[in-house]
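**Student:** Provide a 3D model corresponding to the input given below.
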Amino acid sequence: MSYIEFDKSRPIDLIPMGRMAIDFNPVIPPFQSLVEADTFKKYVGGSPANIAVGLARLGKKVGFIGKVSDDQFGDYVTKFFDDEGIDTSHVTRAKNGEKLGLTFTEMLSPKESSILMYRDGVADLMLEPADVDEEYIASAKAILISGTALCQSPSREACLKAMYLAKKVGTKIIFDIDYRPYNWKSADEIAIYYSIVAENSDMIMGSREEYDLTEAITAPGRTDEETAAYWLSKGNKIIIIKHGKEGSTAHTADGSFNIKPFPIDKIKSFGGGDGYGSSFIYGLLEGWDIIDCLELGSASASLLINAHGCWLFMPSLSDLQSYIKDCKDKYGDMVARG
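**Tutor:** Down below sits the predicted model:
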């Protein structure tokens with residue numbers, strides 16, 4: 001059953017918008033602190049950028065609305081997108097010397113890792129409403145708005161313009177809450193802007209903690225069931241609530257569907273969410289059943305927490321199908337669905 005009806009005549013499957021950054025991950029082994037690490041590998045980063053790459057690797061046509069620095073790092077990101085077949089016609093350059101955000105990963109052990117982000121004066125938050133146009137939005141089946149792009153003006157106004165244009169032209173809206181603590185001024189500000197997009201979207205993805213931030217003003221302390229019922233009543237068709245190693249649930253008007261992580265030895269505790277998102281969205285675009293979308297997303301997440309970076313290791317469809325088959329052969333058909 002298709003819970004979201006996409007306009008199949010449109011040439012672009014998804015246009016994410018928001019953060020494009022540079023990730024520096026320490027070369028391992030050994031696992032060590034950032035104080036001790038002295039060799040790093042460079043990757044394109046940012047959740048919406050990773051989702052764009054993941055979906056492109058799965059064979060979908062992907063665009064992007066974003067802003068990068070007018071320097072070599074900006075060249076690096078746009079060239080990488082071009083090489084991946086992602087449309088960069090709406091990736092523009094910052095005009096006042098803003099730089100790409102930087103993220104440094106600390107890997108202390110396979111079970112203990114964290115990130116350090118530099119997010120002041122970054123190019124992606126300089127995205128302006130003028131960078132968003134109706135024709136481009138109308139060319140896509142869906143747009144994806146990242147919550148990190150809502151933390152500061154003018155980026156937040158650009159996202160809201162894209163949202164209202166999408167509503168106008170019938171483009172579906174996916175809201176990836178994607179909370180990062182940087183740049184926000186208050187908890188109220190977070191709740192206000194997250195709620196505006198959540199009330200206008202067709203699908204929301206987030207952790208329990210991210211929904212708590214979204215609902216902090218109107219209804220703090222909701223259960224998962226109460227959260228799902230509320231946002232479904234606002235017009236959303238799918239509400240995904242993630243619980244980390246406990247798995248995730250997709251709530252719909254017809255019921256809830258659960259998935260667990262696939263068994264794997266991880267080397268870091270983050271990065272899986274972007275693979276999860278891109279693979280789940282792929283299944284939706286293909287018209288799959290929700291449980292099959294969840295299974296593909298969970299498989300992608302498991303593979304990525306066992307990878308050194310995100311975009312470089314985004315799996316192809318055949319990679320995911322082979323991994324799922326191997327797991328089912330080893331652990332049984334209900335390895336993730338049980």
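
**Student:** can we go C-alpha only for contacts and neighbour counts from here?
**Tutor:** OK.

**Student:** for residue 245, report the pLDDT, please.
**Tutor:** Predicted confidence (pLDDT) for residue 245: 84.

**Student:** that one and residue 261 touch, don't they?
**Tutor:** Yes - using Cα atoms under 8 Å, residue 245 makes contact with residue 261 at a distance of 6.4 Å.

**Student:** if you count surrounding residues, which of those two has more?
**Tutor:** The neighbour count for residue 245 versus residue 261, taken as other Cα atoms under 10 Å, is higher for residue 261 (21 against 11).

**Student:** check which helix or strand that one maps to.
**Tutor:** Using DSSP states H and E, residue 261 sits in no helix or strand.

**Student:** with adjacent residues omitted, what lies nearest to residue 300?
**Tutor:** residue 275 (5.1 Å; Cα to Cα, 6 or more residues apart in numbering).

**Student:** give the contact list for the one you found.
**Tutor:** 50-51, 54, 297, 300-301, 304, 310, 314 (Cα atoms under 8 Å, 6 or more residues apart in numbering).

**Student:** mind doing that once more with 7 Å?
**Tutor:** Applying Cα atoms under 7 Å, 6 or more residues apart in numbering, we find residue 275 in contact with 51, 54, 297, 300-301, 304, 314.

**Student:** out of these, which is most surrounded?
**Tutor:** Highest neighbour count within the contacts of residue 275: residue 300, with 33 neighbours (other Cα under 10 Å).

**Student:** what mean pLDDT does the strand or helix carrying it have?
**Tutor:** Per DSSP H and E: residue 300 is located in helix 290-304. Regarding helix 290-304, the rounded mean pLDDT is 92.

**Student:** secondary structure element for residue 114?
**Tutor:** strand 112-118.

**Student:** whichever helix or strand comes after that strand: how far from the chain's middle?
**Tutor:** Where DSSP H and E defines the elements, the next helix or strand beyond strand 112-118 is helix 134-138. From the chain centre to the centre of helix 134-138 is a distance of 21 Å (Cα atoms, centre = their mean, to the nearest Å).

**Student:** list the buried residues in stretch 71-88.
**Tutor:** Under the neighbour-count criterion of 16 or more other Cα atoms under 10 Å, stretch 71-88 has 73-74, 77-78, 81, 85-88 buried.

**Student:** tell me the mean pLDDT over that stretch?
**Tutor:** Average pLDDT, stretch 71-88: 97.

**Student:** can you dump the C-alpha atoms of it in CSV for me?
**Tutor:** These are the backbone C-alpha positions of stretch 71-88, laid out as CSV (Å, rounded to 0.1, in the frame of the first residue of the first chain):
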residue,chain,number,x,y,z
ASP,A,71,36.8,28.2,-2.1
GLN,A,72,38.4,24.9,-2.6
PHE,A,73,36.2,23.1,-0.1
GLY,A,74,33.1,24.4,-1.9
ASP,A,75,34.7,23.1,-5.2
TYR,A,76,35.3,19.7,-3.5
VAL,A,77,31.6,19.3,-2.4
THR,A,78,30.1,20.4,-5.7
LYS,A,79,32.5,18.2,-7.7
PHE,A,80,31.6,15.2,-5.5
PHE,A,81,27.9,15.8,-6.0
ASP,A,82,28.4,16.2,-9.8
ASP,A,83,30.4,13.0,-9.9
GLU,A,84,27.5,11.2,-8.0
GLY,A,85,25.0,12.5,-10.6
ILE,A,86,23.3,14.9,-8.1
ASP,A,87,22.0,18.0,-9.7
THR,A,88,23.9,21.1,-8.4
